[in-house]
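# using only what follows, build the 3D model:
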Amino acid sequence: MTSSLELMSRGRKFLVVLFVTILLSLALRDLVLALASLAMLTILLVDVLLLLKRSGRIRGEVEPSSLRLRIRAGSSHTVQLFVKSRVDCVKLGESYDWIKCSSASREELTTINLRVEPRSHGKYFLDGLRAELYSNLKLMRLDKKLNFKLELTAYPKVLPWLLRVLEFLYGAEGVYGELPSKITGVGFEYYGTREFALGDNPKLMDWKATAKLLKLMVKEFLRERAGLSVILYNDECLGPSTRDEQSSLLLSSLLALAMRGEAIGGLVIKSGLKVLFTSFRLSPHEALKVALAHILESNPLVEPLLYDVFEPKPASRIVKMLRKLRAEGLERIAKHRLKAEVTPIGSIAGPYTKLGDNLLYVGTAVCDSRFLLEVAYAALTKGYRITVLTPARPWLDSPPEDVDRVRLLHS
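Modelled structure (predicted):
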């Protein structure tokens with residue numbers, strides 16, 4: 001355990017006054033100044049000795065001495081550590097942007113709070129903490145290294161959605177049906193009916209239910225209408241955090257449409273001015289495979305992280321299933337690659353809004369604001385509904401000098 005002794009700002013001033021007093025006592029041959037300088041030197045030595053004695057009682061043992069954490073990228077988690085000695089301050093050995101440290105001492109126990117908040121997925125390591133001890137007069141500072149190791153695995157936000165897609169595509173969804181129970185009731189035959197109330201339209205009267213239940217019953221029917229959803233996904237982003245979040249938004253949107261059994265009018269994947277994939281009248285399963293393949297290709301670190309999040313056997317099974325679905329999705333992308341590359345980006349705003357009345361845009365809006373405005377204008381003039389899903393805080397991936405500008409554009 002290494003340690004170092006340094007002068008604090010008050011100690012530097014004290015040392016300057018001591019040297020000046022010694023020089024004046026030698027130059028003027030003044031006994032009073034000589035005694036004053038001797039007293040000041042004695043005070044400094046006693047202060048240092050008491051600090052060294054106090055540091056000798058600190059063994060540098062942190063409880064627990066090592067930790068392994070797994071959290072989702074973009075989230076935060078606080079860990080409490082304890083040192084069985086009074087320490088004035090505990091700091092990180094180096095400057096990190098993914099962890100913050102604070103401490104509080106009470107009697108002979110020091111509590112250390114480590115707040116981890118990784119912005120992007122990956123593995124992070126911390127080796128050791130730095131404890132600071134101050135002398136009684138705040139003249140000297142002693143730094144001691146505390147033995148502690150932290151290994152943090154931050155899995156991407158899109159990982160739970162990848163697993164949910166696997167569960168859906170491999171038939172793990174429950175099949176709904178009718179199962180008789182021992183509880184008496186009206187059953188599914190009268191599902192949607194209710195008792196007649198004043199003001200109800202007599203045309204909605206359900207005479208069959210009225211005759212069987214001996215009550216005036218009405219049934220309200222919703223008007224059926226057809227509507228297809230068109231998804232525009234912009235792969236362009238500012239960094240790994242926004243890419244992870246917009247990938248999650250894409251998979252969650254497609255999964256919601258698939259679970260509701262809705263048809264997809266079109267799926268467009270583009271990056272800036274280049275169209276990577278475009279197809280119409282896709283089945284929800286095909287759209288999920290294409291999106292999953294594109295996300296895995298653009299995030300190559302997702303598969304290796306699975307072995308850090310799960311045990312080896314289930315991780316290998318998940319990777320095997322992901323690779324199979326990715327191959328099917330890439331095959332579908334390859335069939336439309338030639339057609340997509342010659343699709344002019346300016347023609348997307350008009351024709352794509354004719355396919356359905358639900359237009360869903362997924363991507364970082366600040367990277368694609370001009371195209372987004374054109375699509376929104378084309379959709380709204382035709383009376384269609386447009387929904388924009390964009391990362392909540394895209395400025396996290398921006399350089400420090402552009403944070404304010406990106407925040408203003410996003411708001």
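# partner strands of whichever strand or helix holds residue 100, parallel or antiparallel?
Taking DSSP states H and E as the criterion, residue 100 maps to strand 99-106. Applying DSSP bridges, strand 99-106 is found paired with strand 109-116 (antiparallel).
# next, the buried residues of the strand holding residue 100.
Buried positions in strand 99-106, judged by neighbour count with 16 or more other C-beta atoms under 10 Å: 99, 101, 103, 105. Where C-beta positions appear, they are placed from N, C-alpha and C, glycine not excepted.
# how close does the first one get to residue 129?
If I follow you right, that is residue 99. 11 Å (C-beta to C-beta, to the nearest Å).
# list residues touching both of those two?
Common contacts of residue 99 and residue 129, defined by C-beta atoms under 8 Å, 6 or more residues apart in numbering, comprise residue 92.
# my guess is residue 287 is in a helix, correct?
Yes - with DSSP: H, G, I helix; E, B strand; the rest coil as the criterion, residue 287 is located in a helix.
# re the thing from before, contacts for the strand holding residue 100, please.
For strand 99-106, contacts defined as C-beta under 8 Å, 6+ apart pick out 86-92, 110-117, 124, 126, 129, 150.
# do the same with stretch 57-73
For stretch 57-73, the external contacting residues (C-beta under 8 Å, 6+ apart) are 1, 77, 79, 81-85, 87, 112, 116, 118-122, 129, 131, 133, 144-157, 159-160, 241, 244, 308-309.
# for PyMOL, write a command that selects the buried ones of those residues.
The PyMOL selection below is limited to those of the contacts of stretch 57-73 classed as buried (16+ other C-beta under 10 Å):
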select buried, resi 81+83+85+87+112+116+118+119+120+121+122+129+131+133+144+145+146+148+150+152+153+154+155+156+157+159+241+244+309
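# so which of the contacts of stretch 57-73 are in strands?
77, 79, 81-83, 112, 116, 122, 129, 131, 133, 144-155 (DSSP state E).
# can you point out the buried residues in the helix ranked longest in the chain?
As assigned by DSSP state H, the longest helix anywhere in the chain is helix 312-341. Neighbour counts using 16+ other C-beta under 10 Å place 315, 318-319, 321-322, 325-326, 328-330, 332-333, 336, 340 of helix 312-341 among the buried residues.
# same check on stretch 65-74?
So stretch 65-74, judged by 16+ other C-beta under 10 Å, has buried residues 67, 72, 73, 74.
# next one: it to chain centre, how far?
13 Å (C-alpha atoms, centre = their mean, to the nearest Å).
# avg pLDDT for that stretch?
When pLDDT is averaged over stretch 65-74, the result is 89.
# residue 43 in helix, strand or coil?
Applying three-state DSSP: residue 43 is helix.
# what strand or helix carries the nearest residue to it once chain neighbours are set aside?
Residue nearest to residue 43 in three dimensions, not counting chain neighbours: residue 137, with 7.4 Å by C-beta to C-beta, 6 or more residues apart in numbering. Counting by DSSP H and E, there is no helix or strand that carries residue 137.
# was I right to think residue 137 contacts residue 45?
No - using C-beta atoms under 8 Å, residue 137 makes no contact with residue 45, being 11.8 Å away.
# can you tell me which residues contact the one residue sitting closest to the centre of the chain?
Nearest residue to the geometric centre of the chain (C-alpha atoms, centre = their mean): residue 74, 2.3 Å. Residue 74 makes contact with 117, 118, 119, 157, 241, 244, 245, according to C-beta under 8 Å, 6+ apart.
# at 10 Å instead, please
117-121, 154, 156-157, 241, 244-245, 248, 391-393, 396 (C-beta atoms under 10 Å, 6 or more residues apart in numbering).
# tell me the one among those residues nearest to residue 229.
Residue 229 has its nearest neighbour among these in residue 248, at 18.0 Å by C-beta to C-beta.
# how does the chain divide up, domain by domain?
7-56, 61-155, 158-172+225-410, 190-219 (automatic domain parsing).
# out of the contacts of residue 74, list just those in helices.
Those of those mapping onto helices are 241, 244, 245, 248, per DSSP H.
# now residue 117. Nearest residue, chain neighbours left out?
Residue 117 sits nearest to residue 76 (C-beta to C-beta, 6+ apart), 3.9 Å away.
# the one you found and residue 395, how far apart?
17 Å.
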